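Peer 1: Requesting a structural model of the entry that follows:
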Amino acid sequence: MDPAQRSLLGRYARLLADAPHNLLSPADRERVWERHIAEAAHVAGRLGSLGQERWIDVGTGGGLPGLVVAVMRPRAEVVLLDATRKKTDAVARFIEALDVPNASTVTGRAEELARQASHRGAFDGALARAVGSITVSVELTRGFVRDGGAIVVVRGEDGPRCVDIVERFAGSLGVRDVHAEAVPHAARTTWLVRMRAEGSVPRWLPRANGIPRSRPLEG
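Peer 2: Just a heads-up that it's a prediction; the model follows:
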């Protein structure tokens with residue numbers, strides 16, 4: 001990141017740590033830069049070319065990693081999605097305070113929004129971090145991504161094992177080229193599980209509210 005981006009992300013780290021809502025655990029408030037901002041910056045740096053692309057961060061919470069991606073990739077449009085209004089309201093305030101014009105928020109459940117014409121298959125890529133098991137993450141993101149678009153799921157130590165799980169359901173999920181990449185220099189073990197959307201969004205995806213998490217594909 002360049003000095004201006006580092007300064008902006010430093011301000012974001014302070015806003016996130018000082019937020020009155022429970023956007024971070026008490027322990028993480030003390031390590032917000034190394035455990036969250038820096039990790040998200042490493043993720044952003046490994047997304048490849050992000051020209052005038054549209055990305056959606058599903059389950060963004062306090063804006064991670066999507067807001068960091070927006071800061072580091074100013075030509076990309078990044079939509080930050082969360083089902084909890086207080087979280088998206090907080091992130092919207094961060095976006096305004098930091099003046100990040102290529103980032104915006106949307107409130108709602110991925111299961112519902114991914115079936116709306118304005119969102120279904122409308123993005124070049126989708127990000128997910130800490131939204132459930134690997135199949136839950138893929139199910140909740142796949143509906144947003146166009147044919148050939150990217151799905152990137154941030155995982156911990158189980159990243160390599162996630163590849164085998166996704167490949168078992170790749171045909172029904174409409175994805176291909178599933179692989180895991182280690183994120184070097186992160187404060188904790190971090191992997192990106194990456195894949196490409198293949199074809200139009202499968203008609204059955206996503207299932208109704210709550211079902212992806214209560215009945216994950218891998219059982």
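Peer 1: And the longest helix anywhere in the chain, what's buried?
Peer 2: Assignment by DSSP state H gives helix 3-18 as the longest helix of the chain. Of the residues in helix 3-18, those buried under the neighbour-count criterion (16 or more other Cβ atoms under 10 Å) are 5, 8-9, 12-13, 15-17. In short, each C-beta sits where N, CA and C put it, glycine included.
Peer 1: List just the nearest of those to Arg168.
Peer 2: Within the set of these, Leu16 lies nearest Arg168; the separation is 36.3 Å, counting by Cβ to Cβ.
Peer 1: ok now do the closest one, which residues does it touch?
Peer 2: 23-24, 32, 36-37, 62-63, 94 (Cβ atoms under 8 Å, 6 or more residues apart in numbering).
Peer 1: Okay, it and Gly149: tell me how far apart.
Peer 2: As judged by Cβ to Cβ, to the nearest Å, Leu16 and Gly149 stand 28 Å apart.
Peer 1: before we move on, the earlier item: out of the contacts of Leu16, which sit inside strands?
Peer 2: In this view, these have no member that belongs to strands under DSSP state E.
Peer 1: and the top strand by length along the chain, average pLDDT?
Peer 2: Taking residue count as the measure and DSSP E as the definition, the longest strand of the chain comes out as strand 145-155. Across strand 145-155, the average pLDDT comes to 97.
Peer 1: Can I get the contacts of Leu16 in TSV including distance to Val131?
Peer 2: Putting the contacts of Leu16 into TSV (distance: Cβ to Cβ, whole Å) gives the following:
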residue	distance to Val131
Leu23	15
Leu24	16
Val32	20
His36	15
Ile37	19
Gly62	14
Gly63	14
Phe94	20
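Peer 1: quick one, helices of this structure?
Peer 2: Remark: helices assigned in the chain by DSSP H are 3-18, 26-29, 32, 38-45, 66-72, 85-98, 110-113, 134-142, 159-168, 170-173, 211-214.
Peer 1: I'd like to know which helix or strand in the protein has the lowest mean pLDDT.
Peer 2: Ranked by mean pLDDT, DSSP states H and E, the weakest helix or strand in the chain is helix 26-29, scoring a mean of 71.
Peer 1: Off-centre distance for it?
Peer 2: 21 Å (Cα atoms, centre = their mean, to the nearest Å).
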